[in-house]
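**Student:** Dropping a prediction and its sequence here:
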Amino acid sequence: MNEVIICVGSSCHLKGSERVIEIFKEEIKKNNLNDIKISGSFCQGNCTEGVNIEINKQKIAAVNKENAREIFKKHLMHDQNE
Amino acid sequence: MGLVFEEFYRSIPKAGEEVCGDNVEIIKKENKTIIVLSDGLGSGIKANILSTLTSKIASGLLDKELPLKEILSTILATLPVCEVRGIAYATLAFLIIDQKQQLRLIEIDTPSAFLFRNNQVKKLEYQEFELEGKKIKEANFKFRRQDQLFLVSDGVTHAGIGGLLNFGLGWNGVAEEIERTVNKNQEDLKDSINNLVKIFNTFYGDQAGDDFTIIGMKYRKKRKLNIWSGPPLKKADDKHLAQKIHNAEGKKVISGGTTAQIASRELDEELEPGLEYYDKDIPPTSKMKGFDLLTEGLLTLNKVLSLLKKYKPGQIPVDGKDGASRFTRLLLESDSVQFFVGRAVNESHQSLNLPINLGIRSQIISQIAEQLRRIKKEVKIEWF
């Protein structure tokens, strides 16, 4: 099971976490991936670099609606990458 | 525990009209509540102006405790005359209830009030007299703890006229509907009003043939709400504050992600962040045992402030599942509100170029407190 945590604190929210969540949900649906658990988190203490997310405990900063799909593919769709 | 007098109303405009020709004014004072209902002749904007003028003048003069004769002559002298009908006219019903639960009701050309007592609706006992050429009905009685009182405009007693029913519901028909609805749930007045509006609308076939308004009122126990927002300046106060809100009486809200994390750590309770957006502008709410609501901080507080600014006493609070709407509802449903406000500044927000008023928690909370006081809530703020 892959675990994705996306910060929904005030700062990340203003930087677009709502859109990032939407994109991740879209990708999960589009690719029929049912082994990904997606959840929210509070401030991860790195607001200046938001949106902050964590994929399988690995911290990833500066996610936005432009790079969200790419990050999703890189970290969560290994099979397709190979 | 003390009692408070609560009142809710809804006004529905005639089908096709933008504004309602009925108007309600509610003035809450420390020692009394004044409620005024006026129905302007006709419908639409003209009726709206007539009823607004009438109810504003009446509530303002009642507030200054002028005699009834004075109030009536002022209204009659002020109302603009309708070109079509050659008369200036709006109905008027008003009541004053004081701290000793003594209620005085005056009705002029408006359907008689409905008193719900001992599971039944009955008519009040009136004295009638004439003043300024108008027939006045007056009732005086002591409002009991379990009583509920309803005022309606004639759009309610006429519901169904010419359609479902030849002559509309009439007073007895409305009394029956109120009795049935209130007996289903005597505690939730808001719910009763919403259900009654649905019923009257149904009699009109969902096309109201006239403006209609219903106001309900009753006593209920005071409700207390505790809110913690913001980490304290001194880290040593974390534990103290967490314990304080944990042990407080009444409902509990935390506003702020970092604040919630502190509470979770100090109280050793699991914090469950949410991911559901009901409103794109309001970050999700989360859950923790012992708390009624956990929201994000500043964005939510700002939205709460703007919702409160729009609120008029007696209105039924906004629905909506987002954090700000739920927070606003909790505030409006409470009578005394205690804020615990931490003044530590979130370092990371400093670099964000937030609009200035968004950045300062203490300022927003002071403004929220001001709005709450405007609608006669008891507010206390402790700073940490």
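**Tutor:** It's in.

**Student:** What strand or helix carries B:Ile26?
**Tutor:** strand B:22-28 (DSSP states H and E).

**Student:** Strands of chain A, start to end?
**Tutor:** A:2-7, A:36-41, A:53-55, A:58-60 (DSSP state E).

**Student:** quick one on the thing from earlier: show me what counts as buried in the strand holding B:Ile26.
**Tutor:** B:22-28 (16 or more other C-beta atoms under 10 Å in any protein chain shown). Every residue, glycine included, has its C-beta placed from N, CA and C.

**Student:** Provide the partner residues of residue 37 in its beta bridges.
**Tutor:** Because you didn't say which chain, this covers chain A. Under DSSP bridges, the beta-bridge partners of A:Lys37 are A:Glu3.

**Student:** Sorry, I should have been clearer: chain B.
**Tutor:** B:Val24, B:Ala93.

**Student:** OK, contacts around it?
**Tutor:** Neighbouring residues of B:Leu37 by C-beta atoms under 8 Å, 6 or more residues apart in numbering or on different chains: B:9, B:22-24, B:55, B:92-94, B:110, B:151, B:153, B:213, B:215.

**Student:** Widest-spaced pair of those?
**Tutor:** Greatest spatial distance among these (C-beta to C-beta): B:Tyr9 and B:Leu92, at 15.4 Å.

**Student:** Next to chain B in this structure, residues from chain A, please.
**Tutor:** A:6, A:8-11, A:13-14, A:17-18, A:21, A:38-43, A:45-48 (C-beta under 8 Å from any C-beta of the partner chain).

**Student:** Could you tell me which of the residues you listed belong to helices?
**Tutor:** A:10-11, A:13-14, A:17-18, A:21 (DSSP state H).

**Student:** Chain A: which of the contacts of B:Leu37 is nearest?
**Tutor:** Nearest to chain A among the contacts of B:Leu37 is B:Tyr9, at 35.9 Å by C-beta to the nearest C-beta.

**Student:** was I right about the closest one contacting B:Asn194?
**Tutor:** No. Counting by C-beta atoms under 8 Å, B:Tyr9 stays clear of B:Asn194, with 11.1 Å between them.

**Student:** which of the residues in stretch B:242-258 are buried?
**Tutor:** Neighbour-count burial for stretch B:242-258 flags B:242, B:244-246, B:248, B:251-258 (criterion: 16+ other C-beta under 10 Å).

**Student:** low-confidence ranges in chain A?
**Tutor:** Along chain A, the parts satisfying pLDDT under 70 run over A:79-82.

**Student:** Would you show me how to pick out the buried ones of the ones in helices among the residues of chain A next to chain B in PyMOL?
**Tutor:** Buried residues among these (16+ other C-beta under 10 Å), as a PyMOL selection:
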select buried, chain A and resi 10+11+13+14+17+18+21
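
**Student:** Name the nearest of the ones in helices among the residues of chain A next to chain B relative to chain B.
**Tutor:** The closest of these, once distances to chain B are taken by C-beta to the nearest C-beta, is A:His13, at 4.4 Å.

**Student:** now that closest one: how far from B:Asp191?
**Tutor:** According to C-beta to C-beta, to the nearest Å, A:His13 and B:Asp191 sit 33 Å apart.

**Student:** where does the stretch 251-384 of chain B have low pLDDT?
**Tutor:** Residues of the stretch 251-384 of chain B that meet the cut-off, pLDDT under 70, sit at B:346-359.

**Student:** All the helices of it, residue numbers only.
**Tutor:** For the stretch 251-384 of chain B, helices defined by DSSP state H, counting those that start in this stretch occupy the ranges B:257-267, B:298-309, B:323-333, B:347-350, B:356-359, B:361-374.

**Student:** Output the last one as CSV, nothing but the C-alphas.
**Tutor:** To tie it back to what came earlier, the one meant is helix B:361-374. Output in CSV follows, covering the C-alpha atoms of helix B:361-374 (Å, rounded to 0.1, in the frame of the first residue of the first chain):
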residue,chain,number,x,y,z
ARG,B,361,-5.2,36.5,14.4
SER,B,362,-5.8,38.8,17.3
GLN,B,363,-7.4,41.4,15.1
ILE,B,364,-9.8,38.9,13.4
ILE,B,365,-10.8,37.4,16.7
SER,B,366,-11.5,40.9,18.1
GLN,B,367,-13.7,41.6,15.1
ILE,B,368,-15.5,38.3,15.5
ALA,B,369,-16.1,39.1,19.1
GLU,B,370,-17.5,42.5,18.1
GLN,B,371,-20.0,40.9,15.7
LEU,B,372,-21.1,38.4,18.4
ARG,B,373,-21.7,41.2,20.8
ARG,B,374,-23.7,43.1,18.2
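
**Student:** Now do it: everything it contacts.
**Tutor:** B:229-230, B:297-298, B:301-302, B:304-305, B:308-309, B:311, B:331, B:337, B:339, B:341, B:343, B:357, B:379, B:381, B:383.

**Student:** same deal with stretch B:226-243?
**Tutor:** B:245, B:248, B:250-256, B:258-259, B:262-263, B:265-267, B:297, B:301, B:337-344, B:361, B:365, B:384.

**Student:** let's go with 7 Å and repeat that
**Tutor:** By C-beta atoms under 7 Å, 6 or more residues apart in numbering or on different chains, the list of residues contacting stretch B:226-243 from outside reads B:245, B:248, B:250-256, B:258-259, B:262-263, B:266-267, B:297, B:337-344, B:361, B:365, B:384.

**Student:** do stretch B:299-306 as well
**Tutor:** For stretch B:299-306, contacts defined as C-beta under 7 Å, 6+ apart pick out A:10, A:13, B:255, B:281-283, B:323-324, B:327-328, B:358, B:364-365, B:367-368, B:371.

**Student:** coming back round to it: mind putting the helices of the stretch 251-384 of chain B into a markdown table with distance to B:Val182?
**Tutor:** Below are the helices of the stretch 251-384 of chain B laid out as a markdown table (distance: least, C-beta to C-beta, whole Å):
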| stretch | distance to B:Val182 |
| --- | --- |
| helix B:257-267 | 39 |
| helix B:298-309 | 28 |
| helix B:323-333 | 19 |
| helix B:347-350 | 49 |
| helix B:356-359 | 44 |
| helix B:361-374 | 29 |
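
**Student:** If you count neighbours, what's buried in stretch A:61-78?
**Tutor:** For stretch A:61-78, a neighbour-count test (16+ other C-beta under 10 Å) marks A:63, A:68, A:71-72, A:75-76 as buried.

**Student:** How about exporting it as CSV, limited to the C-alpha atoms?
**Tutor:** Presented in CSV, the C-alpha positions along stretch A:61-78 are these (Å, rounded to 0.1, in the frame of the first residue of the first chain):
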residue,chain,number,x,y,z
ALA,A,61,8.3,20.1,-1.3
ALA,A,62,7.2,22.7,-3.9
VAL,A,63,4.4,20.6,-5.4
ASN,A,64,2.0,22.6,-7.5
LYS,A,65,-0.7,22.0,-10.1
GLU,A,66,1.8,22.1,-12.9
ASN,A,67,4.2,19.5,-11.6
ALA,A,68,1.7,17.3,-9.6
ARG,A,69,1.0,14.8,-12.4
GLU,A,70,4.7,14.3,-13.1
ILE,A,71,5.4,13.8,-9.4
PHE,A,72,2.5,11.3,-9.2
LYS,A,73,3.8,9.3,-12.1
LYS,A,74,7.4,9.3,-11.0
HIS,A,75,6.7,8.1,-7.4
LEU,A,76,3.5,6.1,-7.7
MET,A,77,3.5,4.4,-11.1
HIS,A,78,6.7,2.4,-11.1
